[in-house]
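Visitor: pasted the sequence and its predicted model underneath.
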Amino acid sequence: ALTFDSGPDYGTVTTRILDTLAQNDALATFFPTGENAQLHSDLMQRIVDEGHEIGNHTYDNSHSGGEVTADDITSANAAIEAACSVTPKLFRPPQGEVTDAIADACRNAGMAIITFNFDSHDWELFDADSIIDRILTYAEDGDIIQFRFMDDYDQTAQAIETIVPSLRDEGFQLVTVTQLIQAKTGAVPAVGQTYSSAFAAD
């Protein structure tokens, strides 16, 4: 499952990612911030219309770890729902850090928590070839892979244009997080449960 955090963006990163997924009949899960969802409702609607899954990455990604509050999560849900008429059922904590407060807030909001077991490192690998090599060398069945879909991440959009068709050529199916977990466990992500890959992390 390819996942994308923190967008959508003002530039072309999100559009290029969506174009590549569409051209390859691939699905992904997007974790926008509530703030960016409000600013780019057109892109949010395209994500939904093309069959991708929508999660929640807090309202503005300004808090992480113990600083994340229930309001960071619920206000983002409200903004995302207003932007594209979808209420997220999945929460991606900033930096993948889960606290008791985050777990409680997600249970109360009816959400599962989705971290990742494979970071693309697109935040520090500023050339697409390095990202491509990392993913194509190490990707395995059941992985949840983290990317970003935000301004200044041109290297991610460029890498995705090679990664998606290459993974498909290797026999991988690119699906949403919910589809991945359901295929591997027989059930949709459980409310309050944390998943770092296709299988529950705790």
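Guide: Alright, I've got the coordinates.

Visitor: how about the contacts made by residue 131?
Guide: 120, 121, 122, 125, 155, 156, 159, 163 (C-beta atoms under 8 Å, 6 or more residues apart in numbering). The C-beta positions use only the backbone N, C-alpha and C, and glycine is treated the same way.

Visitor: quick one: which of these is nearest to residue 114?
Guide: Nearest to residue 114 among the contacts of residue 131, counting by C-beta to C-beta, is residue 120 at 15.3 Å.

Visitor: confidence score at the closest one?
Guide: Per-residue confidence (pLDDT) for residue 120: 97.

Visitor: run a quick neighbour tally on it.
Guide: 26 (other C-beta atoms under 10 Å).

Visitor: of the contacts of residue 131, keep whichever come out buried.
Guide: 120, 122, 125, 155, 156, 159, 163 (16 or more other C-beta atoms under 10 Å).

Visitor: possible to save the contacts of residue 131 as a markdown table with secondary structure and distance to residue 141?
Guide: Shown next, in a markdown table, are the contacts of residue 131 (DSSP: H, G, I helix; E, B strand; the rest coil; distance: C-beta to C-beta, whole Å):
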| residue | secondary structure | distance to residue 141 |
| --- | --- | --- |
| 120 | coil | 17 |
| 121 | coil | 21 |
| 122 | coil | 22 |
| 125 | coil | 23 |
| 155 | helix | 26 |
| 156 | helix | 23 |
| 159 | helix | 20 |
| 163 | helix | 16 |
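
Visitor: between these, which is nearest residue 12?
Guide: residue 156 (11.4 Å).

Visitor: where's residue 46, which helix or strand?
Guide: helix 41-49 (DSSP states H and E).

Visitor: distance from the chain centre to that helix, please.
Guide: How far helix 41-49 lies from its chain's middle: 14 Å, per C-alpha atoms, centre = their mean, to the nearest Å.

Visitor: what does the average pLDDT come to for that helix?
Guide: For helix 41-49, mean pLDDT is 98.

Visitor: now for that helix, which elements pack on it?
Guide: Applying 3 or more C-beta pairs under 8 Å, 6 or more residues apart in numbering; DSSP states H and E, one finds that helix 41-49 contacts helix 13-23, strand 53-54, helix 70-84.

Visitor: can you do 10 Å?
Guide: In terms of contacts (3 or more C-beta pairs under 10 Å, 6 or more residues apart in numbering; DSSP states H and E), helix 41-49 is packed against helix 13-23, strand 29-31, helix 34-39, strand 53-54, helix 70-84.

Visitor: dump these into a markdown table; add mean neighbour count as well.
Guide: Shown next, in a markdown table, are these (neighbours: other C-beta atoms under 10 Å):
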| stretch | mean neighbour count |
| --- | --- |
| helix 13-23 | 20 |
| strand 29-31 | 28 |
| helix 34-39 | 22 |
| strand 53-54 | 23 |
| helix 70-84 | 20 |
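
Visitor: would you list those in CSV and tack on distance to residue 147?
Guide: CSV is the format used below for these (distance: least, C-beta to C-beta, whole Å):
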stretch, distance to residue 147
helix 13-23, 8
strand 29-31, 10
helix 34-39, 15
strand 53-54, 14
helix 70-84, 19
